[in-house]
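**Student:** what would the 3D arrangement of this be:
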Amino acid sequence: MTASDRPPVAPEWVRRPANLASAVTAELVERVVRGVHPPGTSLPAEPVLCESFSVSRTVVREAVKLLQAKGLVQVRQGAGTVVNPASMWNMLDELVLAAVIAEDETSAVLDDLVVTRRLLESDMALVAARTASRAVVDRLGALVDLMDELVDEPDAYREQDLAFHDTIMQVSGNRLARGVVRALESQVVNTARYVGPSERALCVESNKGHRRVYERIAAGDSGGAAKAMFDHITEAWLARRPESGDPARLER
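**Tutor:** The predicted structure is shown next:
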């Protein structure tokens, strides 16, 4: 059989309905977060959604189930699919978090992310100061020294920055806290509003914070390590934070 005799291959999204449901879900998540469908209102009826997205009822029903799992909607008898208040949304869900950050004009969500991160990472630094082996301490010192050499290369510096923080999180043994931090950062690590400008001075100041954390861990000073991490995350964010919105929630 020649290539021209073979039956046409269906596009990937046609052969995999689950992907189509995911695509519909992603669009509906964005619409809910943007306020196209405000809390307390109902999503369009199932036939309307089917026509709007050119999909079957099965796909729409699967998408609604996914929205429910994300805390965005609930199905009420007689009222249809009703949008939940923002307080009920699952902010650890990657689609929800990404959409909320995209719509956040005041940096309030990014501030909340930083506050959550510093709370968890300062505690993990505290534990790391108690448990870090000589090999771990040496690795942290080597990373800090390497970052001093990379202050003129923001992308390379950022890679080692992430490695420094992840080393501390791993040695703390708190897999849940590390998972939360990594999940949150994965949504913002490549966004300009979170990363900030690529300036040498920012890298220099940031690494001074890293060195203080390293020194406290090397000294076995758990309280000092926690404070150094808390201060480092706060100061590094304030130095690169967009000017929009009031950073009052970052106050200690």
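**Student:** and the closest residue to Gly71 other than its chain neighbours, how many residues sit next to it?
**Tutor:** Residue nearest to Gly71 in three dimensions, not counting chain neighbours: Asn90, with 4.3 Å by C-beta to C-beta, 6 or more residues apart in numbering. For glycine as for every other residue, the C-beta is placed from the backbone atoms N, C-alpha and C. Neighbour count of Asn90, defined by other C-beta atoms under 10 Å: 13.
**Student:** and the spatially most central residue of the chain, what does it touch?
**Tutor:** Nearest to the mean C-alpha position of the chain, by C-alpha atoms, centre = their mean, lies Leu184 at 2.5 Å. By C-beta atoms under 8 Å, 6 or more residues apart in numbering, Leu184 lies in contact with Leu92, Leu97, Leu113, Thr116, Arg117.
**Student:** how about those in JSON lines, adding distance to Gln77, neighbour count and pLDDT?
**Tutor:** Formatted as JSON lines, the contacts of Leu184 follow (distance: C-beta to C-beta, whole Å; neighbours: other C-beta atoms under 10 Å; pLDDT from 0 to 100):
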{"residue": "Leu92", "distance to Gln77": "29", "neighbour count": "13", "pLDDT": "88"}
{"residue": "Leu97", "distance to Gln77": "30", "neighbour count": "21", "pLDDT": "90"}
{"residue": "Leu113", "distance to Gln77": "37", "neighbour count": "22", "pLDDT": "93"}
{"residue": "Thr116", "distance to Gln77": "37", "neighbour count": "15", "pLDDT": "95"}
{"residue": "Arg117", "distance to Gln77": "41", "neighbour count": "20", "pLDDT": "96"}
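**Student:** just those now: which is nearest Arg34?
**Tutor:** Closest to Arg34 out of these is Leu97 (14.6 Å), distances taken as C-beta to C-beta.
**Student:** does Pro247 touch Arg240 like I think?
**Tutor:** No - using C-beta atoms under 8 Å as the test, Pro247 is too far from Arg240 to be in contact (11.8 Å).
**Student:** related to what we said a few turns ago, for the residue nearest to the centre of the chain, helix, strand, or coil?
**Tutor:** State at Leu184, reduced to three classes by DSSP: H, G, I helix; E, B strand; the rest coil: helix.
**Student:** ok, it to Asp231 distance?
**Tutor:** The gap separating Leu184 from Asp231 is 20 Å, by C-beta to C-beta, to the nearest Å.
**Student:** sec struct for the residue nearest to Gly71, please.
**Tutor:** Assigned with three-state DSSP, Asn90 falls in the coil class.
**Student:** and Gly141, by the same measure?
**Tutor:** Secondary structure for Gly141, judged by three-state DSSP, is helix.
**Student:** give me the neighbour count for it.
**Tutor:** Residues lying near Gly141 (other C-beta under 10 Å) number 15.
**Student:** look up the closest residue to it, ignoring the ones flanking it.
**Tutor:** Take Gly141 and drop its neighbours on the chain: the residue closest to it by C-beta to C-beta, 6+ apart is Tyr214, 5.8 Å away.
**Student:** show me where the stretch 51-200 of the chain has its strands.
**Tutor:** Here the stretch 51-200 of the chain has its strands, by DSSP state E, counting those that start in this stretch, at 73-76, 80-83.
**Student:** residues contacting the first one, please?
**Tutor:** Read that as strand 73-76. The contact list for strand 73-76 (C-beta under 8 Å, 6+ apart) reads Val32, Leu43, Val64, Leu67, Gln68, Thr81, Val82, Val83, Asn84.
**Student:** now those residues: which count as buried?
**Tutor:** Buried by 16 or more other C-beta atoms under 10 Å: Val32, Leu43, Val64, Leu67, Thr81, Val83, Asn84, out of the contacts of strand 73-76.
**Student:** Pro247 and Arg240 - which one has more neighbours?
**Tutor:** Neighbour count, other C-beta under 10 Å: between Pro247 and Arg240, Pro247 has more, with 19 against 16.
**Student:** do you know how far Leu72 is from Pro247?
**Tutor:** 28 Å.
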